[in-house]
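J.: Kindly generate the corresponding structure for this input.
(one chain, ligands or ions: 2)
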Amino acid sequence: MNLAETPNDQNFDNPFLTLNYEPALASLGDDYYDEVMAADFPQNTLRWRNDALLPPLGLDPQTVRDEDFINAFGKFQGRKPFLALRYHGYQFGEYNPHLGDGRGFLYGQVRGTNGELYDLGTKGSGKTPYSRGGDGMLTLKGGVREVLAAEALHQLGVRTSRCLTMIETGLSLWRGDEPSPTRSSVMVRFNSSHIRFGTFERLHYLQRPDLTKKLLDHVIENYYPHLILEKNKYIFFYAELVQRVAQLAAQWMAAGFCHAVLNTDNMSITGESFDYGPYAFIPTYDPYFTAAYFDYYRRYCYSHQPSICQWNLEMLQEPLKAIIDKTEMESELAKFNHYYQGKYRSLMLKKLGFEEFQLPEANELLNLTIQFLEDSQVGYHLFFWEIARTFASKWREDPAFVLNGSNILPISPAKIFENWCLLYHKILNSFPPGRMDIIAQTLTHHNPQTALLRPIIESVWEPIVQEDNWQPFHDLLKKIQSKR
Ligand SMILES: Nc1ncnc2c1ncn2[C@@H]1O[C@H](COP(=O)(O)OP(=O)(O)OP(=O)(O)O)[C@@H](O)[C@H]1O
Ligand SMILES: [Mg+2]
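T.: Residues are numbered from 1 along each chain as shown. Ligands and ions are numbered 1, 2, ... in the order given. Next comes the predicted model:
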């Protein structure tokens, strides 16, 4: 017996091993996955433990030791099977039948205290049958970036996966897009499901409608349980997925987030956001801002995200048409824009301090805001933060008070800024004075001070590289988690 696998005291009472794991996906049979082994790492240094995720799993952070994270998710002691999930996907518009979990696996599925089923899935845990030429590993910087993105998006109200833990693993990796050799990590993701649009696409490619139906029933049972007893549950499922994905796209857009790699293997069947590789938050409003250096044709640029999501949902009709009427799916997909616009409008109004969807000047305000942000190239996040920071009820008295003393002045072109202030002032005066407090609260709630712009990420990464100083990384996470 390998010494690392010897049960020891630390293992017997590891709280992660006492969780009630459910073999939800495993019970579907091995048409959907391969059982794999975790890599044996030369080092296991805990770099991140997300204590906020322990209570939802029924665990008390006080009783979970750092060693418990390491033994469970760095040394992978005491649990199996680990399942590398099989999937295909459209990557940059081209169908790729050679995908699957190439550097991760499903560690286990657990029911949260809210009754919902969650996946614990690894990234950077070693080679699988789907690694192709890859090393099965995740760089430390990749782990750091995914932890930060997930927390930032969560705090911005985006429906997203989160990271339970990240452990440095002591390998030297070679990557074209990082100074190499570079350090390695394994990350454990906590999300609703790792079933991707591409999981269904693979079954269509293999011409297995029987497996498609079995998987679809599994998805509805576990992630759309309110539809189980519906006579038309399959089309209802697709209709709801369209709505969820449209709303997710609106959340990204309002958050100023560019995912960067919206391939169908990175689209969750539950409509949740995940896989944070070369993502970026936009510095300023630029519809063509493109986050991935290898996205030569700007396919996944900031403003294309809604239409790309719609295209991905259209591609998903191919596998689903074995079970769901295609014409009905088309008419559901036709509602995408309506859902998207509604959600985007409501989120942007909230960023501007207004809960009222029916505000008479809403369209004018939104159009002017976008035009102003685009023309002035004022920082996207800075603009909203400065409204929240400097907001005062005296803005009602005179448009000249609006944003006066903020860090975005002086603005060029001045005219459009003047128009924006006039309109904002006019809207404030359409409310009773007593409403100003609520507007101030809405502004601070929806516009955190800390934006995860690339220079901020680099500013916490540098001390890690230079002097193994993790304090700035933890300070940044604290700021993000407390919405400061
Ligand atoms: N270093 C690597 N070694 C092996 N396979 C890899 C590696 N990097 C990426 N892959 C595989 O390439 C494909 C696309 O990678 P992508 O970055 O979208 O996914 P991922 O980030 O590895 O996983 P996830 O989508 O769960 O976040 C996936 O099948 C992935 O497993
Ligand atoms: Mg991926």
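J.: So which residues on this protein come close to ligand 2?
T.: 266, 275 (C-beta under 5 Å from the ion). Heads up, the C-betas are built off the backbone N, CA and C, glycines and all.
J.: how close does Trp174 sit to Val465?
T.: 16 Å (C-beta to C-beta, to the nearest Å).
J.: Kindly report the same for Glu328.
T.: Following C-beta to C-beta, the distance that separates Glu328 from Val465 is 53 Å.
J.: For the stretch 251-400 of the chain, which residues are neighbours of ligand 1?
T.: 261, 266, 275, 277 (C-beta under 6 Å from any ligand atom).
J.: any idea which of those has the most stuff around it?
T.: Asp275 (23 neighbours; other C-beta atoms under 10 Å).
J.: helix/strand/coil for that residue?
T.: coil (DSSP: H, G, I helix; E, B strand; the rest coil).
J.: Which residue does the stretch 251-400 of the chain have closest to ligand 2?
T.: Asp275 (4.1 Å; C-beta to the ion).
J.: so what pLDDT did the residue nearest to that residue when sequence neighbours are not counted get?
T.: Nearest residue to Asp275 in three dimensions, chain neighbours excluded: Asn266, at 4.5 Å (C-beta to C-beta, 6 or more residues apart in numbering). pLDDT, Asn266: 98.
J.: dump the residue contacts of Asn266.
T.: Asn266 makes contacts with 89, 196, 259, 274-275, as judged by C-beta atoms under 8 Å, 6 or more residues apart in numbering.
J.: Could you give the number of residues near Ile228?
T.: 11.
J.: no, scratch that, I was asking about Pro306
T.: 21.
J.: Surely it and Gln247 touch.
T.: No. Pro306 lies out of contact with Gln247 (C-beta atoms under 8 Å); the separation is 10.6 Å.
J.: Which neighbours do the two have in common?
T.: Tyr340.
J.: Okay, and Trp252 sits in which element?
T.: helix 233-255 (DSSP states H and E).
J.: coming back round to it: and Trp174 and Val465? Which one has more around it.
T.: Neighbours were counted for Trp174 and for Val465 using other C-beta under 10 Å; Val465 has more, 14 against 10.
J.: pretty sure that one is in a helix, no?
T.: Yes. Assigned with three-state DSSP, Val465 falls within a helix.
J.: and Gln109, helix, strand or coil?
T.: Under three-state DSSP, Gln109 comes out as strand.
J.: Neighbours of it, how many?
T.: 22.
J.: That one and Tyr21 touch, don't they?
T.: Yes. At 6.4 Å, Gln109 counts as touching Tyr21 under the criterion of C-beta under 8 Å.
J.: Give the intersection of the neighbour lists for the two.
T.: Counting by C-beta under 8 Å, 6+ apart, nothing touches both Gln109 and Tyr21.
J.: returning to that earlier point: which helices and strands sit right next to the helix holding Trp252?
T.: helix 209-223, helix 305-320, helix 326-333, helix 336-351 (3 or more C-beta pairs under 8 Å, 6 or more residues apart in numbering; DSSP states H and E).
J.: now with 6 Å?
T.: Counting contacts by 3 or more C-beta pairs under 6 Å, 6 or more residues apart in numbering; DSSP states H and E, helix 233-255 packs against helix 305-320, helix 326-333, helix 336-351.
J.: residues making contact with the first one?
T.: It refers to helix 305-320. For helix 305-320, the surrounding residues in contact (C-beta atoms under 6 Å, 6 or more residues apart in numbering) are 90, 197, 200-201, 203-204, 212, 242, 245, 249, 252, 262, 264, 267, 326, 329, 333, 336, 340.
J.: Quick one: buried ones out of those?
T.: The neighbour count (16 or more other C-beta atoms under 10 Å) marks 90, 197, 200-201, 203-204, 212, 242, 245, 249, 252, 262, 264, 267, 329, 333, 336, 340 as buried among these.
J.: Tell me which residue of the stretch 301-450 of the chain lies closest to ligand 1.
T.: Ligand 1 sits closest to Asn312 of the stretch 301-450 of the chain, with a gap of 13.6 Å, by C-beta to the nearest ligand atom.
J.: cool, the stretch 251-400 of the chain as well?
T.: For the stretch 251-400 of the chain, C-beta to the nearest ligand atom, closest residue to ligand 1: Asp275, 3.4 Å.
J.: what's the distance between that residue and Ser331?
T.: Distance from Asp275 to Ser331, by C-beta to C-beta: 30 Å.
J.: same thing with Arg79?
T.: Distance from Arg79 to Ser331, by C-beta to C-beta: 45 Å.
J.: Comparing the two, which residue is more hemmed in?
T.: Neighbour tally, Arg79 and Ser331, criterion other C-beta under 10 Å: the higher count belongs to Arg79, 18 against 12.
J.: show me the contacts for the more buried one.
T.: Counting by C-beta under 6 Å, 6+ apart, Arg79 has no contacts.
J.: where does it land in three-state SS?
T.: With three-state DSSP as the criterion, Arg79 reads coil.
J.: again, but for the one 4 residues further on
T.: Under the three-state scheme (three-state DSSP), the conformation of Leu83 reads as strand.
J.: Tell me the spacing between it and ligand 2.
T.: 16 Å (C-beta to the ion, to the nearest Å).
J.: Provide the partner residues of that residue in its beta bridges.
T.: In this structure, Leu83 bridges to Glu35, Leu106 when assessed by DSSP bridges.
J.: doesn't Asp31 make contact with it?
T.: No. Leu83 is beyond contact range of Asp31, at 11.9 Å (criterion: C-beta atoms under 6 Å).
J.: of those two, who's got more company?
T.: Leu83 (24 against 14).
J.: who's in contact with the more buried one?
T.: By C-beta under 6 Å, 6+ apart, the neighbours of Leu83 are 33, 105-106.
J.: ok, now Tyr293?
T.: Applying C-beta under 6 Å, 6+ apart, no residues qualify as near Tyr293.
J.: Same check on Lys213?
T.: Here Lys213 is in contact with Ile323 (C-beta under 6 Å, 6+ apart).
J.: Tell me the confidence at it?
T.: 98.
J.: and if you look at the one 3 residues further on?
T.: pLDDT, Leu216: 98.
J.: now it, nearest residue through space, not along the chain?
T.: Leu216 sits nearest to Ile323 (C-beta to C-beta, 6+ apart), 5.9 Å away.
J.: Surely that neighbour forms part of a strand?
T.: No. Read with three-state DSSP, Ile323 is coil and lies in no strand.
J.: got the phi/psi numbers for Tyr130?
T.: phi -110, psi 10 (degrees, to the nearest 10).
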